[in-house]
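**Q** fold the stuff below for me.
(chains A and B)
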Amino acid sequence: SQQGEEDPQALSIQEGENATMNCSYKTSINNLQWYRQNSGRGLVHLILIRSNEREKHSGRLRVTLDTSKKSSSLLITASRAADTASYFCATDRSSNTGKLIFGQGTTLQVKP
Amino acid sequence: KAGVTQTPRYLIKTRGQQVTLSCSPISGHRSVSWYQQTPGQGLQFLFEYFSETQRNKGNFPGRFSGRQFSNSRSEMNVSTLELGDSALYLCASSGAGVTYNEQFFGPGTRLTVL
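**A** Coordinates of the predicted model:
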């Protein structure tokens, strides 16, 4: 079963705009990660945020985590056409497991 | 370092056949996880192997099995294929240390069952 739900399911923006995607999960977590997937290919790891962290940055990406609300958000600033992809959040409940539970994903389209 | 590799990339089988997929993790990574991705169910965890032992298993029937070799390469096998097994099968590897659970995915094997 899916751990998380992502919102929105689809997002269409113009190049240069910011894109915000949200993820909610159901149980306590150890880490939360965001991945990108281009057109049915493998997943690319974007960023990992630990349960004791509240915000993390990586380039144009900003991730927040609110464990009290069991939610996370991914912000992509100054989006580019190359950011067009599906974005997934994934959680794990323990550091001693290779099991990730994925959300359903947000499909982002960035129009040039 | 070379990334995670999966072979074959594409596979077409018929119902009732069996299939074996292969995954080579990043050098030094000892954990290999397998996932199934379908439009209806999304990404679902199949199983994880660590040091040749299955450490975690998802909610899939016994037709799905796997193994890991001493060099950390892993295979998964699906027997008696069903139409619903058509999916993208992804493997991911991770290593020990601070970013233990940061998983690196291969390009996937696209399995079509006719």
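
**Q** any low-confidence regions in chain B?
**A** Applying pLDDT under 70 to chain B flags residues B:1, B:96-100.

**Q** which parts of it sit against chain A?
**A** B:4, B:31-33, B:35, B:42-45, B:48, B:50, B:55-56, B:58-59, B:88, B:90, B:92, B:94, B:99-108, B:110 (Cβ under 8 Å from any Cβ of the partner chain). C-beta coordinates here come from the backbone N, C-alpha and C atoms, glycine included.

**Q** which residue ranges of chain B form strands?
**A** Listed in chain order, the strands of chain B (DSSP state E) span B:5-7, B:10-13, B:19-24, B:31-38, B:42-50, B:53-57, B:64-68, B:74-78, B:87-94, B:104-105, B:109-113.

**Q** can you tell me which of those strands is nearest to residue A:27?
**A** strand B:42-50 (14.3 Å; Cβ to Cβ).

**Q** that closest one packs against which elements?
**A** Strand B:42-50 is packed against strand A:101-102, strand B:31-38, strand B:53-57, strand B:64-68, strand B:74-78, with contacts defined by 3 or more Cβ pairs under 8 Å, 6 or more residues apart in numbering or on different chains; DSSP states H and E.

**Q** in CSV: the strands of chain B, plus mean neighbour count and distance to residue A:102.
**A** Below are the strands of chain B laid out as CSV (neighbours: other Cβ atoms under 10 Å in any protein chain shown; distance: least, Cβ to Cβ, whole Å):
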stretch, mean neighbour count, distance to residue A:102
strand B:5-7, 16, 18
strand B:10-13, 13, 23
strand B:19-24, 20, 18
strand B:31-38, 24, 8
strand B:42-50, 22, 4
strand B:53-57, 14, 15
strand B:64-68, 19, 18
strand B:74-78, 21, 18
strand B:87-94, 25, 10
strand B:104-105, 20, 11
strand B:109-113, 18, 18
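
**Q** in TSV, list the ones you listed along with distance to residue A:38.
**A** Below are these laid out as TSV (distance: least, Cβ to Cβ, whole Å):
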stretch	distance to residue A:38
strand B:5-7	16
strand B:10-13	17
strand B:19-24	20
strand B:31-38	13
strand B:42-50	15
strand B:53-57	27
strand B:64-68	26
strand B:74-78	23
strand B:87-94	12
strand B:104-105	12
strand B:109-113	14
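
**Q** can you measure across stretch A:41-60, start residue to end residue?
**A** 22 Å (Cα to Cα, to the nearest Å).

**Q** show me which residues of it are buried.
**A** Going by neighbour count (16 or more other Cβ atoms under 10 Å in any protein chain shown), the buried part of stretch A:41-60 is A:41-43, A:45-49, A:56.

**Q** how deep is the nearest residue to residue A:20 once chain neighbours are set aside tucked in, by neighbour count?
**A** Nearest residue to residue A:20, sequence neighbours excluded (Cβ to Cβ, 6 or more residues apart in numbering or on different chains): residue A:75, at 5.1 Å. Neighbours of residue A:75 under the rule other Cβ atoms under 10 Å in any protein chain shown: 14.

**Q** correct me if wrong, but residue A:75 is in a strand.
**A** Yes - under DSSP: H, G, I helix; E, B strand; the rest coil, residue A:75 falls within a strand.

**Q** what bridges to residue 22?
**A** Unless you meant another one, I'm taking chain A. Beta-bridge pairing for residue A:22 (DSSP bridges): residue A:7, residue A:73.

**Q** correction: the question concerned chain B.
**A** residue B:7, residue B:75.

**Q** that one and residue B:6 touch, don't they?
**A** Yes - when contacts are counted by Cβ atoms under 8 Å, residue B:22 is listed as touching residue B:6 (6.7 Å).
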